[in-house]
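Enquirer: Based on what follows, work out the 3D shape:
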Amino acid sequence: MARAALSFAILVGLSLLAERGEAAPPPPLSVEVVPSLGAGAAMGEGWTSFVVWLKNPRSSEVSGFVELVAKPAWARQESRVRTRAPFALAPGAHVALGLPTHGFAATPAEFQIQVVDTNSIPLSGPVVVPDLAQGDPAIVDLNVPSRIGPTLRGLGLPVRRATGSHRAPSAIVSSPPVDPATGDLLIPRWAAGYAGATLVLSTAKRLGTLGPRELHALTEWVVAGGALGVSLERPEDLRLEPLLRMAGGPIAHTVPSRALYAETPFFLGPDASENPALGRGGTHPVEVERRAPRAETASLLEAFTGGNLRPSPWGAVASYGLGELHLLSFDLGEPFSSDRWVTLKVADLVRHAWERQAAVALPLGRTAFDGTGADDVRKMLDPNRTVHLTIALAAFLLLAYAVVAGPVSFWLAARKGRPLRAVVHLPFWSAATFVAVVVLGLAGKGIRGRSRHFSVIELGAGMERANATRFRGFYSPSSRDIAVKPTSQRSLLDVAQGDEYVERTLIVDRDGPHLERLRTKPWSTVVVREDGALSLSAGVSMVRGADGHVVVKNRTARDLVGAVLKLPGQQAVGFARIKDGAAVRAADGEALPPGFAAAPGYTTVHPLGTAMVKDTLERYAEGLSRAWEALDAQSGSGVDFWPDDAPVLLAQLEGGSGMRWDSGFEVDEDRTLVRVVGFGGVQ
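Expert: Sure thing, here's the model as predicted:
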């Protein structure tokens, strides 16, 4: 009986084990990937971001990581950008994760998504990542679905090159994804996430529904040079706080100008549907189409005044930092969206916003991380580039060794009648020289790690918030893994890639984006670039005084060193120092060469032109000319450093960023350039 019971128990146990072994595996996670600026959004060399939807169909909690990898599509090098975000999902729960990434200088990027658990076991099948368009004029319409998109998408937009010629890329229109549970837009939480956008369109009502982080990112992008077009549909829209802040004061209705109703010539290129090769370069024919608003549209047009608003061909515009807020005289719903005149007006606004970008030296998050322009920055931050004296001394020691250990030693030994004694002394001379060279090398390169910073801050006159691009170099005598955090959780950062790939991972969690496992190499420098914004006390004011002269007032709480001021139509002048709180005029400065800050005959933009004032800059501050050269190389060609219609001040901020330690390294060199554009502020 006992044997029968035991046999029965064994059979039951085996059957249970068999059933357990044959049980179906848990269902995979549901994964969907959408660009945060919408399907078909534009992406250039700089930052972009994706929204990854995860849904847990299992009956148990799941945790792990989402990893997004960007690779060059047409290149063989091993360069890649790896972004990772942790997640934890309860049974039946879903979450949307934002993962930033960036492109490459010479080739488009291709993307891969992988979802794994904490043991690196895949939790989903293959995930399809949508393709992104390349860096042509791009409109992001926050109105979902976009009413203007079908008529505007693919329209040829003639835009001016730096050489004065035109090309006609086709317009890109996208709308961001929407959270189906809440109806909220899943737009970037970092201002650099809008790097691929040229113009963002929205209604005031939609702006009012954005979360604090999303709204802050959008307005910071405008401060850094973006263009935001807003239509006001309700009376209460005039009191929306973000609009009042960007407009600079209360907003009121006014009578539209007659020019708004008149027939207007619009310049267009061939439509992309007729010529798929558009946007690949070359010169395209420009066509002129004349349109006036339809009677129904004209009866509904509005105009606005107040604050810093001024009339524009699209309604009213206010400068906000380096960017612009456009209050549109029309909205983008019916009956406006069916009027060809409205479509052409928006296309003209996109062209205007695209061409304005040339006035920003380092557009927020838009320049490439792996381009040749970063080489000059890397040289400036690399201590190895400043050991020329050490190399010269080592060469002198070796030359002295060759003379003393050879002819001199044998000559002295021969005079004493013991010529072979020089052979006995030779190892001692060799050892002493070897030790001296090693000690000299250690003294030159150093035996401790250190960090160097170079930052470029761009802001509109009178503004406190500024666009900031920071380069942080880390020099280590040994190989080690370090973690690098941004100076603000709203900034994005990654390695400014050189010839060799540097292993690292960009982690996105509750502490914000930060780099982990950044691998340094012995006696080499790794450069991290950070794209974001900062507050510069009360900024720098540039206003016209009662006598008509432009007055520059330093309100940054620090001195400005080696300042160069260029007013429209006037010769550039220099200042050795503008103290905090001081006000200066152009007449107070030192006249710089007449050809400086002038546009050459072959281009319509004004290059930085550091070579002409190199000696003057070095007299103001040692190494300042090299910093200007690094800025010029990083910004690339086509930047209008000294526009004809606005004053520009470029200077060095005394004290740099103020950081003494960075990721465990002591900061031994810290330089910050400030570029101020336009009129604004207080006298």
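Enquirer: All the helices of the stretch 251-400 of the chain, residue numbers only.
Expert: With DSSP state H, counting those that start in this stretch, the ranges of helices along the stretch 251-400 of the chain come out as 295-298, 340-356, 374-381, 388-403.
Enquirer: Compare the mean pLDDT across those helices and name the weakest.
Expert: The minimum mean pLDDT among these belongs to helix 388-403 (a mean of 62).
Enquirer: from memory R452 sits against G473, does it?
Expert: Yes. Counting by C-beta atoms under 8 Å, R452 does reach G473; the two are 4.5 Å apart. Just so you know, the C-beta spots here come from the backbone N, C-alpha and C atoms, and that holds for glycine as well.
Enquirer: Could you tell me which residues touch both of these two?
Expert: L381 (C-beta atoms under 8 Å, 6 or more residues apart in numbering).
Enquirer: tell me the domain boundaries of this structure?
Expert: 29-133, 136-359, 540-677 (automatic domain parsing).
Enquirer: Show me the one of the ones you listed that comes nearest I507.
Expert: domain 29-133 (5.5 Å; C-beta to C-beta).
Enquirer: what's the closest of the domains of the chain to D376?
Expert: Proximity to D376 (C-beta to C-beta) singles out domain 540-677 among the domains of the chain, at 4.0 Å.
Enquirer: what about the closest one, distance to the chain center?
Expert: Chain-centre distance of domain 540-677: 21 Å, with C-alpha atoms, centre = their mean, to the nearest Å.
Enquirer: circling back: reformat the domains of the chain as a markdown table; add mean neighbour count and distance to F369.
Expert: Output for these, formatted as a markdown table (neighbours: other C-beta atoms under 10 Å; distance: least, C-beta to C-beta, whole Å):
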| stretch | mean neighbour count | distance to F369 |
| --- | --- | --- |
| domain 29-133 | 18 | 6 |
| domain 136-359 | 19 | 12 |
| domain 540-677 | 18 | 11 |
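Enquirer: List just the one of those domains that sits closest to S430.
Expert: S430 lies closest to domain 540-677 among the domains of the chain, at 34.6 Å (C-beta to C-beta).
Enquirer: Between the two ends of the closest one, what distance do you get?
Expert: Taking C-alpha to C-alpha, to the nearest Å as the measure, domain 540-677 stretches 10 Å from start to finish.
Enquirer: Likewise for stretch 540-553?
Expert: 6 Å.
Enquirer: Ok, stretch 287-297 next?
Expert: Stretch 287-297 has its terminal residues 24 Å apart, counting by C-alpha to C-alpha.
Enquirer: where does that stretch sit relative to the chain's centre, distance-wise?
Expert: 38 Å.
Enquirer: Confirm that H216 sits in a helix.
Expert: Yes. The assignment for H216 by DSSP: H, G, I helix; E, B strand; the rest coil puts it in a helix.
Enquirer: low pLDDT regions in the stretch 351-500 of the chain?
Expert: For the stretch 351-500 of the chain, the stretches with pLDDT under 70 are 385-406, 408-426, 428-429, 431-447, 499.
Enquirer: residue ranges for the strands of it, please.
Expert: Along the stretch 351-500 of the chain, counting by DSSP state E, counting those that start in this stretch, strands occupy 450-460, 465-476, 481-484, 492-495.
Enquirer: elements contacting the longest one?
Expert: So that's strand 465-476. Counting contacts by 3 or more C-beta pairs under 8 Å, 6 or more residues apart in numbering; DSSP states H and E, strand 465-476 is packed against helix 212-223, helix 374-381, strand 450-460, strand 481-484, strand 524-535, strand 665-677.
Enquirer: Figure out the length between the terminal residues of stretch 169-185.
Expert: 28 Å.
Enquirer: again, but for stretch 53-67
Expert: With C-alpha to C-alpha as the measure, stretch 53-67 spans 13 Å from end to end.
Enquirer: Quick check: mean pLDDT of it?
Expert: 92.
Enquirer: residues in contact with that stretch?
Expert: Residues external to stretch 53-67 that are found in contact with it (C-beta under 8 Å, 6+ apart): 26-27, 29-34, 52, 82-97, 99, 113-118, 123.
Enquirer: Surely A483 touches P513?
Expert: No. With contact defined as C-beta under 8 Å, A483 does not count as touching P513 (12.0 Å).
Enquirer: So which of these two has more stuff around it?
Expert: More crowded of A483 and P513, by other C-beta atoms under 10 Å: P513, with 25 against 13.
Enquirer: Tell me the spacing between that one and F679.
Expert: Per C-beta to C-beta, to the nearest Å, P513 is found 35 Å from F679.
Enquirer: do the same with I148
Expert: In terms of C-beta to C-beta, I148 sits 32 Å off from F679.
Enquirer: same deal with G655?
Expert: Separation of G655 from F679 (C-beta to C-beta): 27 Å.
Enquirer: for G321, same thing?
Expert: For G321 relative to F679 (C-beta to C-beta), the value is 13 Å.
Enquirer: and what of V543?
Expert: Relative to F679, and taking C-beta to C-beta, V543 is found at 6 Å.
Enquirer: overlap in contacts of these two?
Expert: 461-462, 550.
Enquirer: pLDDT below threshold where in the stretch 1-150 of the chain?
Expert: The stretch 1-150 of the chain contains residues with pLDDT under 70 at 1-25, 75-77.
Enquirer: just the strands in it please.
Expert: According to DSSP E, counting those that start in this stretch, the strands that the stretch 1-150 of the chain contains are 30-35, 47-55, 62-72, 81-89, 94-102, 109-117, 138-141.
Enquirer: could those strands go into TSV alongside distance to S488?
Expert: Formatted as TSV, these follow (distance: least, C-beta to C-beta, whole Å):
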stretch	distance to S488
strand 30-35	24
strand 47-55	15
strand 62-72	22
strand 81-89	18
strand 94-102	14
strand 109-117	26
strand 138-141	23
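Enquirer: Point out where the stretch 501-650 of the chain drops to low pLDDT.
Expert: 601-603.
Enquirer: Please name the residues that touch H453.
Expert: 381, 470-473, 656-657, 659, 662, 667, 669-672.
Enquirer: Closest to E233 out of these?
Expert: Closest to E233, out of all of the contacts of H453 and judged by C-beta to C-beta, is R470, at 40.1 Å.
Enquirer: Name whatever forms a beta bridge with that closest one.
Expert: Counting by DSSP bridges, R470 is bridged to S455, E530.
Enquirer: Adjust the sequence numbering to begin at 28 for everything that follows.
Expert: Noted, 28 is the first residue going forward, which turns the last one into R497.
Enquirer: Now do it against L520, distance only.
Expert: The gap separating R497 from L520 is 8 Å, by C-beta to C-beta.
Enquirer: ok, now P362?
Expert: 47 Å.
Enquirer: And for E693?
Expert: Relative to L520, E693 is positioned 20 Å away (C-beta to C-beta).
Enquirer: Right, I'll leave it there.
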